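Engineer: Starting from these lines, generate the structure:
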Amino acid sequence: MMKYVYLLLAVLFSLQFAVSAQTVKEDTYVDYNELLDRVLINLKKTQSEKAFVGSAELRNQTLALAPDSKAAIKSLPKPGKKELKGSQLFKARKDGVLMICKYFKAEEGKPERIQLYATATAITADGVCVSNWHVFMNFISFKANLPPADSLTFVVNLKGDIYPIEKILAYNQNADAAVFKINTGNDELKPIPLGSDLEVGESVHTITNPENYLYYYSKGVVARNTADHKIGPMGDRMEITADYAKGSSGGPILDDRGNMVGMVSTTHSIYAQNQPQGNLQMVIKTTIPVRSIRSLIQLQ
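Structural biologist: Numbering: from 1, shown residues only. Reported below is the predicted structural model:
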C-alpha cells in the first residue's frame, strides 16, 4: 500500500514541478522578435478602429503650440515607497515602458515596414507619456524636413497593443524632453510614478529598447550631476553608469522604489585616439533629471 502512496506522491510532485517550470518559462522568456513581427499586423487592425494623426498634421499641431506651454494633467500616480529588488522592479514597471515606432509605406521596391526607433514612458493611465525632444524633433522644429516615406508614428506596449499619438502637449529643447498624449481607447496604461532627484552614488535602473533589444534592464549608479548655467535649470543633467544605447531615448531611469527619477537622453564615447576613433575607453550616459520633466507639467 505504501508503495502506491509513494508512487502517487512522486507523480504529483512531477506534475507540480512541470507546471511550475512552465509558469516560470512563460513569465520569464519572451519572444521579442515575434512581438515585433505582430506590430504590422496589429497596426492594420488598429487603423480600422482608431483615427491616426499623420506626420504632417502632427507637425502642424505642434508648431502652433507655444514653446512655454505646459501639459495640463489632473493627477499623477503617487510615488512608490517600498524598496524593490531588480526582478520585482522590472515586473512592476515594464508595462509602463512603451516603444515608439514608425510605419513606412512601400517605396522603390521596398515593402512596407515598421521601425522601432525610441522609447517612451507612460505617466498617466489615460495616455500621457514622456520622451525626448530629439525623438519628436521633426514635429517640433520648423527647420526639420519630414521624410516623404514617414507616414505614421505610434506607440506600442509589451503586449503588442498599438496606440496612435494624438498630440504633443509640451516640450523643451534645452531639457531634451517632450510630453505627449496617445489614444488609449478603453485601455488603461500602467503609469510609472515620478520620483525625486537622486544624489551621486545612489542606485538607478533602466528599462529601454536599444537597437531592437526590447525591454532591456540595466542597473547602475548616479555617476555625476552636472549643470549648464548658460542654459539655466533646463540644462541640468544626470550621468549614470546603467547601460543603454540608441533606441533607448526616452526610456525611464528608476530609483530603488520604481519611481521615475530621470529619462535617457544621449551618450558620449571617449576614445584613446580621436582621429580616427580607436580604443574605446568609456561611454558617458547622460540623462534628463526628473525635475526637468516636472517643469513641463501643470497639475490641474
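Engineer: Show me the domain layout of the protein.
Structural biologist: Structural domains of the chain, as assigned by automatic domain parsing, span the residue ranges 32-182, 203-299.
Engineer: Just the terminal-to-terminal distance for the last one.
Structural biologist: Spelled out, it's domain 203-299. The first and last residues of domain 203-299 sit 28 Å apart, counting by CA to CA, to the nearest Å.
Engineer: hmm, back to that, Serialize the domains of the chain to JSON lines and add fields for distance to Glu188.
Structural biologist: Just so you know, the C-beta spots here come from the backbone N, C-alpha and C atoms, and that holds for glycine as well. JSON lines is the format used below for the domains of the chain (distance: least, CB to CB, whole Å):
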{"stretch": "domain 32-182", "distance to Glu188": "4"}
{"stretch": "domain 203-299", "distance to Glu188": "18"}
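Engineer: among those, which gets the worst mean confidence?
Structural biologist: Summarising mean pLDDT across those, the least confident stretch is domain 32-182, with a mean of 91.
Engineer: Straight-line length of that domain, end to end?
Structural biologist: According to CA to CA, domain 32-182 extends 23 Å from its N-terminal end residue to its C-terminal end residue.
Engineer: distance between it and the chain's centre?
Structural biologist: Using CA atoms, centre = their mean, to the nearest Å, we find the averaged C-alpha position of domain 32-182 to lie 9 Å away from the chain's own average C-alpha position.
Engineer: what do you get for stretch 248-267?
Structural biologist: Centroid separation between stretch 248-267 and its chain, computed with CA atoms, centre = their mean, is 8 Å.
Engineer: Tell me the buried residues in that stretch?
Structural biologist: 248-265 (16 or more other CB atoms under 10 Å).
Engineer: among those, which are in strands?
Structural biologist: Mapping the buried residues of stretch 248-267 onto strands (DSSP state E) picks out Pro252, Ile253, Leu254, Met260, Val261, Gly262, Met263, Val264, Ser265.
Engineer: which one of the residues you listed is nearest Phe180?
Structural biologist: Of all those, the one with the least separation from Phe180 (CB to CB) is Met263, at 13.1 Å.
Engineer: tell me the contacts of the closest one?
Structural biologist: Counting by CB atoms under 8 Å, 6 or more residues apart in numbering, Met263 touches 121, 130-132, 177, 250-253, 287-288, 290, 293.
Engineer: can you tell me which of these are in helices?
Structural biologist: Cross-referencing these with the helices (criterion: DSSP state H) gives Val290, Ile293 as the overlap.
Engineer: Which among the domains of the chain is found nearest to Asp197?
Structural biologist: Among these, the nearest to Asp197 by CB to CB is domain 203-299 (5.4 Å).
Engineer: quick check, distance from that closest one to the centre of its chain.
Structural biologist: The offset between the C-alpha centroid of domain 203-299 and the centroid of the whole chain comes to 12 Å, using CA atoms, centre = their mean.
Engineer: Kindly reformat the contacts of Met263 as a markdown table containing distance to Leu89.
Structural biologist: As requested, the contacts of Met263 are arranged in a markdown table below (distance: CB to CB, whole Å):
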| residue | distance to Leu89 |
| --- | --- |
| Thr121 | 14 |
| Val130 | 19 |
| Ser131 | 21 |
| Asn132 | 22 |
| Ala177 | 23 |
| Gly250 | 19 |
| Gly251 | 14 |
| Pro252 | 11 |
| Ile253 | 12 |
| Thr287 | 17 |
| Ile288 | 20 |
| Val290 | 16 |
| Ile293 | 19 |
